[in-house]
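> this one's structure only:
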């Protein structure tokens, strides 16, 4: 608004207001259209195709809930769910704990801490493809791991990725190593965000470092812990590239995951309707698990 002579007030014209509004939305339109078309649109199409028999070569044929009924009796799908549940139950707590310990160490006033922050985070910079290829080389029957075990007197020749008993644990170890440092950064930022006067008051009350960590730092990091657990869980349920590169879901489906089964059904067997149903089920499972985590992990910090 502008004040004219005599105290009159001139309001901005309606045309100017709409012009500014339109200009602003034109600038952000690409960022609104992209998720609308490629995310929301993809979700709608996936749900539609999940109700059809569709092979990418002919027109979809509506079959109702047949694909979902098939999934509930598909041994491969149920086995993949068990693999993912086992994988998540091991990887998420492990990477959360390791990331928290690493952050607690780097939050101290130690020499070379900036160097170690960078060094510990470097594995996260490499792509998952590169990381998987490196670990495949390390865990070959004649690879570095077996050679190191032989050097210390454990003479074994384990086919880590080719044995049903060790294939999934090997992929677990690989992903824990590759992701813990990312969560370390989240925890480190949360620790540095804790108000200093709270620690000063705890010092006056005689609380030691360990007591401060468990009674002050951890409670105030609940939002960060929830975020790490949520991101870790979603990442575990979406595990694909390491399995595709290292084992192709084998041996004997020991490393089969839902996303790999989805890819196999949709792009190898051209059973896109069933693959879409698996995708919808996976979305529902992840959403339900996220709600349960939010229910049991109180994300409100205690100030």
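Here it is on my side, so go on. The structure presented is a predicted model; accordingly, all values stated were derived computationally and were not measured.

> Now do the contacts for residue 192.
Neighbouring residues of residue 192 by CB atoms under 8 Å, 6 or more residues apart in numbering: residue 107. The C-beta positions use only the backbone N, C-alpha and C, and glycine is treated the same way.

> measure it to residue 25 for me?
Distance of residue 192 to residue 25, given as CB to CB, to the nearest Å: 37 Å.

> Ok, residue 294 next?
Shown here: residue 294 relative to residue 25, a distance of 33 Å by CB to CB.

> so what's residue 272 closest to, chain neighbours aside?
Nearest residue to residue 272, sequence neighbours excluded (CB to CB, 6 or more residues apart in numbering): residue 54, at 4.6 Å.

> Tell me which stretches of this structure form strands.
2-3, 9-10, 52-53, 61-62 (DSSP state E).

> how many neighbours does the residue nearest to residue 272 have?
Counted with other CB atoms under 10 Å, the neighbours of residue 54 add up to 24.

> Distance check, it against residue 281.
17 Å.

> what about the closest residue to residue 141 other than its chain neighbours, how many neighbours?
Closest residue to residue 141 apart from its sequence neighbours, by CB to CB, 6+ apart: residue 159 at 5.0 Å. Residue 159: 13 surrounding residues under other CB under 10 Å.

> So that it lines up with my notes, have the first residue be 5 from now on.
Sounds good: first residue 5 from here, last item residue 163.

> Relative to residue 205, how far out is residue 163?
According to CB to CB, residue 163 and residue 205 sit 57 Å apart.

> same check, this time on residue 36
Counting by CB to CB, the gap from residue 36 to residue 205 is 46 Å.

> before we move on, what about residue 130?
Distance from residue 130 to residue 205, by CB to CB: 43 Å.

> now swap in residue 290 and tell me
For residue 290, the distance to residue 205 (CB to CB) stands at 41 Å.
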